[in-house]
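Asker: Just to be clear, the model below is a prediction. Sequence and coordinates:
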Amino acid sequence: MDSKRSGDYKYAAVYGDEPGDVRIEALGEPAANRRSKQTLLKFAMGSTLIAAALFLAVGGKASTCCTKDATCSGSLGTWGQYSPWAPAPSKLDPAIPSECKVTFAQILSRHSSRGPSANKGAKYAALVKDLQASITEYSKGFEFFKNYKYELVPDDLSLYGENEMVDSGKLFYSRYKELVTETEPFVRASGSGRVIMSAQNFTHGYYEAQGRNAEDYASRILVIPEEEGYNNTLEHGSCKLFEDGPGKKAGTAKQKEWKDIWVPSVQKRLSKKLPGAKFDTDSTVYFMDLCPFETVGSPELELSPFCRAFSKDEWRNYDYYQSLEKWYVYGPGRDLASSQGVGFVNELIARLTGKPVNDHTSTNSTLDSSPATFPLDRKLYADFSHDNGMMTVFTALRLFEGTENLPTTKRKSPEQLGGYSASRAVPFGARMYVEKMQCGGSDEELVRIILNDRVVPLKGCDADKLGRCTLDKFVESMSFATSGGEWSRC
């Protein structure tokens with residue numbers, strides 16, 4: 001899961017009509033992650049290029065024979081939500097059409113690559129300790145594990161992750177630089193340390209790309225606390241039935257059905273390769289988890305030896321395993337997931353139309369009614385969140401509409417699922433662009449959504465061949481959100 005609360009940031013309340021009204025006056029940084037921006041910019045010369053290149057040219061054998069000596073490719077990009085960001089395949093060209101002018105852009109971004117959660121990290125550390133105490137022989141390809149030390153820092157962004165966001169800010173500037181002279185981006189972050197730091201690093205990248213000092217702008221980021229009692233559209237938690245109802249347990253059970261099919265053969269091989277080890281299905285998955293976390297923990301995304309112990313097919317099974325959780329616990333396969341996401345959708349509609357927010361769900365009415373904390377006159381907006389909350393927003397936006405519920409007894413590829421997988425939807429640093437544009441000299445406004453460089457054709461609004469809808473029809477297609485999103489059930 002990806003929603004740990006942080007106590008590193010203090011908030012000064014702005015009293016209003018609901019217990020969630022806050023204005024952030026100052027931001028701090030956890031000491032463990034305090035790095036100079038010069039260091040970040042030095043390394044950020046190509047985190048995106050590093051990831052893209054490795055996706056195309058990671059070394060090793062591709063067949064299942066590679067598991068004999070742990071010489072597999074590692075299959076970067078099939079690690080579910082733990083994958084580093086890279087462009088997703090797109091049937092439609094994500095470039096801005098030459099005859100069009102973008103008049104508005106919104107990014108909704110997940111925080112960038114991080115260490116494991118504190119809870120998972122404790123489990124990984126215990127697993128490593130137990131395995132190393134019980135293994136009697138390290139087979140070829142697994143010799144590295146004999147002297148391996150678990151040193152991953154929980155929850156905080158890795159250096160590579162910090163650079164991902166610097167790069168993201170640079171790319172956002174490069175793509176929408178025609179709007180820069182007209183506006184400064186309004187930036188919000190959900191209130192956990194890694195999300196705030198991601199917003200700060202994005203802001204630094206954005207302004208450094210212009211040759212401007214970013215320090216003052218980074219201090220203006222609006223941070224919305226994640227504590228209970230605060231309405232926050234960038235973090236799920238406001239819909240109590242969604243949080244506490246039976247849906248989460250049912251979704252986890254769906255994921256387990258698939259785990260019980262594909263993991264046992266991997267478990268058996270690991271036990272054979274590491275005599276004395278006592279693997280079960282959970283610890284087998286944990287052992288695989290160390291691959292993405294060790295890899296993104298490397299400043300230059302150096303592939304971890306853990307990755308090479310598993311075949312391409314096994315990594316695809318792993319990716320599907322993670323995709324099931326996102327789908328059935330936070331996405332279209334979960335009752336009320338779209339309801340949890342409608343608050344952000346209604347804020348997006350307000351920004352697109354320049355009209356006040358009309359919502360009584362997860363929005364914070366004091367923040368959203370003030371021009372200081374929810375301006376409607378900007379051309380650029382940037383919001384930073386977590387993967388689980390973003391899945392609810394994507395569901396409310398109907399991005400996955402038309403894709404049937406994922407089967408749990410066989411694997412389907414992203415191509416068979418309308419482009420969906422956890423690694424393509426919510427990798428570390430995931431980013432959704434919402435663009436408004438005018439084309440061919442027409443005053444008609446068109447809306448387009450791009451998810452990790454993949455154009456997602458809009459649903460229910462007569463999208464054109466480029467996946468766009470007119471603004472009016474897009475708003476009409478969001479009638480579930482604008483009519484209340486069944487929030488009374490929450």
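Answerer: Perfect, thanks for sending it. Numbering: from 1, shown residues only.

Asker: just the strands in the stretch 351-490 of the chain please.
Answerer: Taking DSSP state E, counting those that start in this stretch, the strands of the stretch 351-490 of the chain run over residues 380-385, 431-439, 446-451, 454-455, 469-470.

Asker: What mean pLDDT does the helix or strand harbouring residue 268 get?
Answerer: For residue 268, the host element (DSSP states H and E) is helix 247-273. In this model, helix 247-273 carries a mean pLDDT of 95.

Asker: Which helix or strand lies directly C-terminal to that helix?
Answerer: Going down the chain from helix 247-273, the next helix or strand is helix 281-296, by DSSP H and E.

Asker: Can you give me the buried ones in that next one?
Answerer: By 16 or more other Cβ atoms under 10 Å, the buried positions in helix 281-296 come out as 283-296. All C-beta spots, glycine's among them, are computed from the backbone N, C-alpha and C.

Asker: ok and that helix relative to helix 247-273, angle-wise?
Answerer: Relative orientation of helix 281-296 versus helix 247-273 (axes from the mean of the first three to the mean of the last three Cα atoms, to 10 degrees): 90 degrees.

Asker: Now do helix 281-296: which elements does it pack against?
Answerer: In this structure, helix 281-296 packs against helix 118-134, helix 247-273, helix 312-330, with contacts taken as 3 or more Cβ pairs under 8 Å, 6 or more residues apart in numbering; DSSP states H and E.

Asker: pLDDT averaged over that helix - what is it?
Answerer: What helix 281-296 shows for mean pLDDT is 98.

Asker: Could you export that helix as PDB, CA atoms only?
Answerer: Taking Å, rounded to 0.1, in the frame of the first residue of the first chain, the C-alpha atoms of helix 281-296 are listed here in PDB:
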ATOM      1  CA  THR A 281       4.000 -18.000  -1.100                       C
ATOM      2  CA  ASP A 282       4.200 -14.700   0.800                       C
ATOM      3  CA  SER A 283       8.000 -14.800   1.300                       C
ATOM      4  CA  THR A 284       8.500 -15.800  -2.300                       C
ATOM      5  CA  VAL A 285       6.800 -12.600  -3.400                       C
ATOM      6  CA  TYR A 286       8.700 -10.600  -0.800                       C
ATOM      7  CA  PHE A 287      12.000 -12.000  -2.200                       C
ATOM      8  CA  MET A 288      10.900 -10.800  -5.700                       C
ATOM      9  CA  ASP A 289       9.900  -7.400  -4.200                       C
ATOM     10  CA  LEU A 290      13.600  -6.800  -3.300                       C
ATOM     11  CA  CYS A 291      14.300  -6.500  -7.100                       C
ATOM     12  CA  PRO A 292      12.500  -3.300  -7.800                       C
ATOM     13  CA  PHE A 293      13.300  -1.700  -4.400                       C
ATOM     14  CA  GLU A 294      17.000  -2.400  -4.700                       C
ATOM     15  CA  THR A 295      17.000  -1.300  -8.300                       C
ATOM     16  CA  VAL A 296      15.300   2.100  -7.700                       C
END
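
Asker: Lowest mean pLDDT among the helices and strands, pick that one out for this structure.
Answerer: For the chain, counting by mean pLDDT, DSSP states H and E, strand 12-13 ranks last in confidence among helices and strands (a mean of 30).

Asker: any idea where the helices of the stretch 1-150 of the chain begin and end?
Answerer: For the stretch 1-150 of the chain, the helices defined by DSSP state H, counting those that start in this stretch occupy 37-43, 47-57, 118-134.

Asker: what is the mean pLDDT for the second one?
Answerer: Yep, that's helix 47-57 we're talking about. Here the average pLDDT along helix 47-57 is 56.

Asker: and if you look at stretch 178-197?
Answerer: 95.

Asker: that's a helix at residue 342, yeah?
Answerer: Yes. Per DSSP: H, G, I helix; E, B strand; the rest coil, residue 342 lies within a helix segment.

Asker: Skipping adjacent residues, who's closest to it in space?
Answerer: Of all residues not flanking residue 342 in the chain, residue 485 sits nearest, at 3.4 Å (Cβ to Cβ, 6 or more residues apart in numbering).

Asker: burial of the spatially closest residue to residue 225 that is not a sequence neighbour, as a residue count?
Answerer: Of all residues not flanking residue 225 in the chain, residue 191 sits nearest, at 4.3 Å (Cβ to Cβ, 6+ apart). By other Cβ atoms under 10 Å, 22 other residues sit near residue 191.

Asker: what does residue 253 give?
Answerer: Residues lying near residue 253 (other Cβ under 10 Å) number 11.

Asker: try the one 5 residues further on
Answerer: Neighbour count of residue 258, defined by other Cβ under 10 Å: 21.

Asker: go on, residue 122?
Answerer: Residues near residue 122, counting by other Cβ under 10 Å: 12.

Asker: what's the distance between the lengthiest strand in the chain and the middle of its chain?
Answerer: Criterion DSSP state E: the longest strand present in the chain is strand 100-110. A distance of 17 Å separates the C-alpha centroid of strand 100-110 from that of its chain, computed with Cα atoms, centre = their mean, to the nearest Å.

Asker: Packing partners of that strand?
Answerer: Counting by 3+ Cβ pairs under 8 Å, 6+ apart, strand 100-110 packs on helix 159-175, helix 193-208, helix 337-353, strand 380-385, helix 387-396, strand 431-439.

Asker: Format the ones you listed as TSV; extra columns: mean neighbour count and distance to residue 220.
Answerer: Formatted as TSV, the helices and strands packed on strand 100-110 follow (neighbours: other Cβ atoms under 10 Å; distance: least, Cβ to Cβ, whole Å):
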stretch	mean neighbour count	distance to residue 220
helix 159-175	25	14
helix 193-208	27	9
helix 337-353	24	18
strand 380-385	26	12
helix 387-396	26	22
strand 431-439	20	21
